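J.: Provided below for reference: sequence and predicted model.
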Amino acid sequence: MKLSTKGRYAVMALVDLASYSHGRPIALADIAARQEISLSYLEQLFAKLRRGGLVRSVRGPGGGYLLARPDDEMRIADIILAVDEPIRATRCTPGSPAGCRGNRSRCLTHDLWEELGNQIHLYLSSVSLADVCARRVLGTSGLIRHDTAADGRAGIAAAE
């Protein structure tokens, strides 16, 4: 499963907006420059984010965008879903009785991938924009897993 640039860039842009706004509107050109994202692509994403009620625009000199609600009330899943990014790991439509195979049956691994999509959605729903801005998203991303030959158990070693 791969999250497209739509979802990733929307999250990056709103983290930037939350980090630099401090109550004043931020121009998309500033976000585009800091995050190295195409301005025209950001304009498309922010139109969806505005329709989704996550940002609001301020017109005129000194205008730009503001978060529509506090960053600690905005979940990463909300951002991804607002830009029409599905959070799923199956080939078929979630919750549909029809599967993705030619005969409309489900593959043997369907339940595995559907539950993975559910877990990803639960995780992204548990993380707020404020958590990301404050670097409170902890995990093992700085660690690597390896098998120890001596006892056959999986261990964790610090990444170099």
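T.: That came through fine.
J.: and the chain, split by domain according to the record?
T.: Each domain of the chain is listed here as a residue range: 1-85+129-160, 88-127, per automatic domain parsing.
J.: this structure: helices as residue ranges?
T.: 5-20, 28-35, 39-51, 76-82, 110-126, 129-133 (DSSP state H).
J.: return the distance of the fourth one from the chain's centre.
T.: Helix 76-82 sits 6 Å away from the centroid of its parent chain (CA atoms, centre = their mean, to the nearest Å).
J.: then the first one?
T.: Between the centre of helix 5-20 and the centre of its chain there are 9 Å (CA atoms, centre = their mean).
J.: do the same with the shortest one
T.: If you compare the mean C-alpha spot of helix 129-133 with that of the full chain, they lie 12 Å apart, counting by CA atoms, centre = their mean.
J.: which secondary structure elements does it contact?
T.: Under the contact criterion of 3 or more CB pairs under 8 Å, 6 or more residues apart in numbering; DSSP states H and E, the helices and strands touching helix 129-133 comprise helix 5-20, helix 76-82. The C-beta positions use only the backbone N, C-alpha and C, and glycine is treated the same way.
J.: format those helices as JSON lines; extra columns: distance to Ile37, mean pLDDT and mean neighbour count.
T.: Compiled in JSON lines, those are given as follows (distance: least, CB to CB, whole Å; pLDDT from 0 to 100; neighbours: other CB atoms under 10 Å):
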{"stretch": "helix 5-20", "distance to Ile37": "5", "mean pLDDT": "95", "mean neighbour count": "20"}
{"stretch": "helix 76-82", "distance to Ile37": "14", "mean pLDDT": "94", "mean neighbour count": "22"}
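J.: redo these as CSV? Include distance to Gly63.
T.: Output for the helices and strands packed on helix 129-133, formatted as CSV (distance: least, CB to CB, whole Å):
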stretch, distance to Gly63
helix 5-20, 14
helix 76-82, 21
